[in-house]
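A.B. asks: I'll drop the sequence and a predicted model, then ask my questions.
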Amino acid sequence: MRALIQRVSKAKVTVDGEVTGEIEKGILVLLGITHEDTNRDVDVLLEKIINLRIFPSEKSGFDHSLQEVGGSLLVVSQFTLHGSTKKGRRPDFTASAKPEMAEPLYDSFILNAQNKGINVASGRFGAMMDVELVNEGPVTLMIESK
């Protein structure tokens, strides 16, 4: 499981003109799931993301976690994170999990975050989405569960 995360001052996702998720201060999570992922990967990745010290204090730019600052998560499914561009000119997405496997893990990621008291908004799995964000810093990190 792979997540591209961005510290944001605000972010939102829109599907067919409808805002499906919107947050203020927090982390935008673009979540990529591969066919080898399990619920253990969900737990490992979520713990890393919500406890990663990427929010500023008065003395440093990286002192506080999402939980410490009371920030929110905006979670967006992103199967292209496992795309390979090693051959040819068209990305190969065979490493990405099929929707029937990926969607339950995506839902589990969101539910587990909510169960930890995190305010969570999300996109719509499998939909064509427009994502808007203000990347604060900018801070952008790639995190993997393995």
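C.D. replies: Arrived safely.
A.B. asks: Mind naming the longest helix for the protein?
C.D. replies: Ranked by number of residues, the top helix in the chain under DSSP state H is helix 99-115.
A.B. asks: ok, residues contacting the following helix or strand past that one?
C.D. replies: The first helix or strand that comes after helix 99-115 along the chain, using DSSP states H and E, is strand 119-122. Residues outside strand 119-122 that contact it (C-beta atoms under 8 Å, 6 or more residues apart in numbering): 12-13, 20-23, 26, 71-76, 110, 113-114. Quick note: C-beta positions are derived from backbone N, CA and C, even for glycine.
A.B. asks: Please spell out which residues along strand 119-122 are buried.
C.D. replies: 120-122 (16 or more other C-beta atoms under 10 Å).
A.B. asks: same thing with stretch 61-73?
C.D. replies: Buried-residue list, stretch 61-73, by 16+ other C-beta under 10 Å: 64-66, 69, 71-73.
A.B. asks: Stretch 48-56 too?
C.D. replies: 49-50, 52, 54-56.
A.B. asks: Generate JSON lines for the residues you listed, with secondary structure as supplementary columns.
C.D. replies: Below are those laid out as JSON lines (DSSP: H, G, I helix; E, B strand; the rest coil):
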{"residue": "I49", "secondary structure": "helix"}
{"residue": "I50", "secondary structure": "helix"}
{"residue": "L52", "secondary structure": "coil"}
{"residue": "I54", "secondary structure": "coil"}
{"residue": "F55", "secondary structure": "strand"}
{"residue": "P56", "secondary structure": "coil"}
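A.B. asks: Nice, that's everything, thank you.
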